[in-house]
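**Q** Give the three-dimensional model of this entry:
(chains A and B)
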Amino acid sequence: MALLKWNQKLTPLDNEIQQLKRQVISMWEMVLSQLQKAEEALKNMDRDLAREVVLTEKRVNAFELKIDRDCEDIIALFAPVAIDLRFVLAVLKINMNLERTGDIAEGIGKFVMDIPQDFDARLFEITRVLEMYQQGNEMIIDVMNAFEEEDTSLARKVFKKDDLLDEINKNAATIVADFIKDNPSKIESALYILSTIRKLERVGDQAKNMAEEIIFYSEAKVLKHKPKNKKSEE
Amino acid sequence: MESAVLKVRNFNAFFGENHILKNINLDIDKNSVWAIMGPSGCGKTTFIRCINRMHELTPNATAEGSMKLNGEEVYEMNPVLLRRKVGMVFQRPNPFPTMSIYDNVIAGYILNGIKLNKQQKDEIVETSLKRAALWMEVRSTLHKKGTFLSGGQQQRLCIARALSMNPEMLLLDEATSALDPVSTAKIEELIHELKAQYTILMVTHNMQQAARVSDKTAFFYLGELIEANNTKTIFTNPKHEKTQDYIRGHFG
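**A** Down below sits the predicted model:
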């Protein structure tokens, strides 16, 4: 079920919903840009760019509050029902997921700022952290497009993409432990990378949560707490 | 298992050539509150007027099909007896203007020529006014004219009048649309309480009211019953596109 039909005359509620949707997409773009900048900062040890990410986090937080207020106003003033109600409820949760994704970007930015020595390039390679980062960003982009286009099949693809993140995350502890054994002087940077991997794993979780919300509002299906293989099928 | 107090099967209603209700099938469970929704002219008022056979009071009006109240065919019953079993309250409060509050409550008995002694009358008046949540407000002015009351109180008086005959079912035809929000809230609260004893069908244009008050909702469109389901389902995930369009305000 779509929010708007091609020949539909817009009601005041439709206008509010469309405006809310545009706001969420702007928030999404901001969070994505934060993630990408933090990725660049990590790759190139660019501490200035990392600082920019940390400072921009305030704007993400302010955006979250604005979207929350808009949702509250729509519920109070327009009493939405059916798909409109599900959309507003979904946006409330997506908004929270986006804010948390923004926190993750900020956290990675802080690692880059705090680490006294540059990361060892070998660490990137053996842990596959950059590959993981790229996949996490792709998932966020896919869910954003799914939200914009109301495309639930695209949202469903995200569940599968999370497998790579899980795999890298699962192997990370052993790889990092072995690296530390061989390079005891690089414990700190190795631990930062492990923490970054843990954070990126949560980016995948946020993307999946958002995908579930898109499916909830479009199809009125609740996929939460279902096994991953069922989520892609249902 | 819930038992259906009203069973409607292949029911059709006409005004002359105009086919107003088209093949309606619906089961109304005992002690449930049903909201009947739909755009103007969809047949919702005709539907509830058919239940107590007020429909046939209009010249050229006819009905076909089956409508059973507790197993008894409505269209084979004596209409006067039927209307005792199925009480009705209308959009505008309509207490009898020349009667006192007291007489308004027992008007059904007076007009039907049913003799009651003073004690019986007192009991019926008190019980009915209490059930309609009006007793405390009028107990000291029972012999004043009903028309002296506020709109909301008059409407509750009409509900008391309908309840005095101990009906099995109560039909409310936009009973709160002429009332202010405070009176509306009182009637809605009353509907919640009355549900324990009666089965209630209410026609309403106020969708939030339907959502707040009813257990089940039926959506009519152009004389057809499009969807009947739990109110929660209708307002969160209606199955039919027309229902969704209507409740989202995308009609016309």
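**Q** Only C-alpha atoms from now on, for both contacts and neighbour counts.
**A** Noted.
**Q** Do me a favour and average the pLDDT over stretch B:173-192.
**A** For stretch B:173-192, mean pLDDT rounds to 88.
**Q** Show me the residue at the heart of chain B, geometrically.
**A** Computing the C-alpha centroid of chain B and ranking residues by Cα atoms, centre = their mean puts residue B:171 first, at 1.2 Å.
**Q** is it true that it touches residue B:204?
**A** No: the pair residue B:171 / residue B:204 is not scored as a contact, 11.2 Å apart, by Cα atoms under 8 Å.
**Q** related to what we said a few turns ago, now do the residue nearest to the centre of chain B against residue A:162, distance only.
**A** 56 Å (Cα to Cα, to the nearest Å).
**Q** just residue A:210 next, same as before
**A** 13 Å.
**Q** and residue B:96, how many residues sit next to it?
**A** 16 (other Cα atoms under 10 Å in any protein chain shown).
**Q** and the closest residue to chain A within chain B, what is it in contact with?
**A** In chain B, the residue that lies nearest chain A is residue B:236 (4.1 Å; Cα to the nearest Cα). For residue B:236, the contact set (Cα atoms under 8 Å, 6 or more residues apart in numbering or on different chains) comprises A:81, A:82, A:83, A:85, A:86.
**Q** which SSE is the spatially closest residue to the third one that is not a sequence neighbour in?
**A** For residue A:83, ignoring the flanking residues on the chain, the nearest one in space by Cα to Cα, 6 or more residues apart in numbering or on different chains is residue A:217 at 6.1 Å. Assessed by DSSP states H and E, residue A:217 sits inside helix A:187-219.
**Q** buried ones in that helix?
**A** For helix A:187-219, the neighbour count (16 or more other Cα atoms under 10 Å in any protein chain shown) marks A:187, A:189-190, A:192-218 as buried.
**Q** again, but for stretch A:215-231
**A** In stretch A:215-231, counting by 16+ other Cα under 10 Å, buried: A:215, A:216, A:217, A:218, A:220, A:223, A:228, A:231.
**Q** List of residues touching that stretch?
**A** By Cα under 8 Å, 6+ apart, the list of residues contacting stretch A:215-231 reads A:1-3, A:83, A:86-87, A:90, A:150, A:152, A:155-156, A:159-160, A:209, A:212, B:237.
**Q** I'd like the distance between residue A:177 and residue B:63.
**A** Taking Cα to Cα, one finds residue A:177 at 83 Å from residue B:63.
**Q** same question but for residue A:90, I mixed them up
**A** For residue A:90 relative to residue B:63 (Cα to Cα), the value is 47 Å.
**Q** who touches residue 48 in this structure?
**A** I'll assume chain A. residue A:41.
**Q** The intended chain is chain B.
**A** B:171, B:173, B:201, B:203.
**Q** go again using 7 Å as the cut-off
**A** Neighbouring residues of residue B:48 by Cα atoms under 7 Å, 6 or more residues apart in numbering or on different chains: residue B:171.
**Q** do residue A:54 as well
**A** Contacts of residue A:54 by Cα under 7 Å, 6+ apart are A:106, A:109, A:110.
**Q** Run through who's touching stretch A:11-31.
**A** By Cα under 7 Å, 6+ apart, stretch A:11-31 touches A:63, A:78, A:98, A:101, A:102, A:144.
**Q** Correction: the previous question concerned stretch A:197-209.
**A** Here stretch A:197-209 has contacts from A:97, A:101, A:104, A:129, A:133, A:136, A:139-140, A:143, A:158-159, A:162, A:165-166, A:169, using Cα under 7 Å, 6+ apart.
**Q** ok, those vs residue B:104, which is closest?
**A** Ranked by distance to residue B:104 (Cα to Cα), these are led by residue A:97 at 60.6 Å.
**Q** Can you give me the neighbour number for the closest one?
**A** Residue A:97: 21 neighbours (other Cα under 10 Å).
**Q** quick one: the lowest-mean-pLDDT helix or strand in chain B to chain centroid distance?
**A** One helix or strand of chain B scores below all others by mean pLDDT, DSSP states H and E: helix B:181-194, with a mean of 89. How far helix B:181-194 lies from its chain's middle: 14 Å, per Cα atoms, centre = their mean, to the nearest Å.
**Q** Against which helices or strands is the helix or strand that that helix is followed by packed?
**A** Per DSSP H and E, helix B:181-194 leads on to strand B:199-203 as the next helix or strand towards the C-terminus. Where contact means 3 or more Cα pairs under 7 Å, 6 or more residues apart in numbering or on different chains; DSSP states H and E, strand B:199-203 is packed against strand B:33-37, strand B:169-173.
**Q** can you rerun that using 8 Å?
**A** Where contact means 3 or more Cα pairs under 8 Å, 6 or more residues apart in numbering or on different chains; DSSP states H and E, strand B:199-203 is packed against strand B:33-37, helix B:44-51, strand B:169-173.
**Q** Tell me which of those is the most buried.
**A** Per residue and on average, the most neighbours among those fall to strand B:33-37, with a mean of 27 (mean count of other Cα atoms under 10 Å in any protein chain shown).
**Q** So for that one, mean pLDDT?
**A** For strand B:33-37, mean pLDDT is 96.
**Q** tell me the angle that strand makes with strand B:169-173.
**A** Here strand B:33-37 runs at an angle of 30 degrees relative to strand B:169-173 (axes from the mean of the first three to the mean of the last three Cα atoms, to 10 degrees).
**Q** And for strand B:33-37, what's in contact with it?
**A** With Cα under 8 Å, 6+ apart, strand B:33-37 has contacts from B:28, B:44, B:191, B:195, B:199-205, B:207, B:210, B:213-220.
**Q** One more pass at 7 Å, please.
**A** B:44, B:195, B:199-205, B:210, B:214-220.
**Q** How about stretch A:133-141?
**A** A:158, A:200, A:203, A:204, A:207.
**Q** ok, which stretches of chain A are strands?
**A** Using DSSP state E, the strands of chain A do not appear at all; there are none.
**Q** Name the residue of it with the shortest distance to chain B.
**A** residue A:82 (4.1 Å).
**Q** ok, now how distant is that residue from residue B:235?
**A** Relative to residue B:235, and taking Cα to Cα, residue A:82 is found at 5 Å.
**Q** ok, how many other residues are close to residue 3?
**A** No chain specified, so I'll use chain A. By other Cα under 10 Å, neighbour count at residue A:3 equals 14.
**Q** You answered for a different chain; I wanted chain B.
**A** Neighbours of residue B:3 (other Cα under 10 Å): 12.
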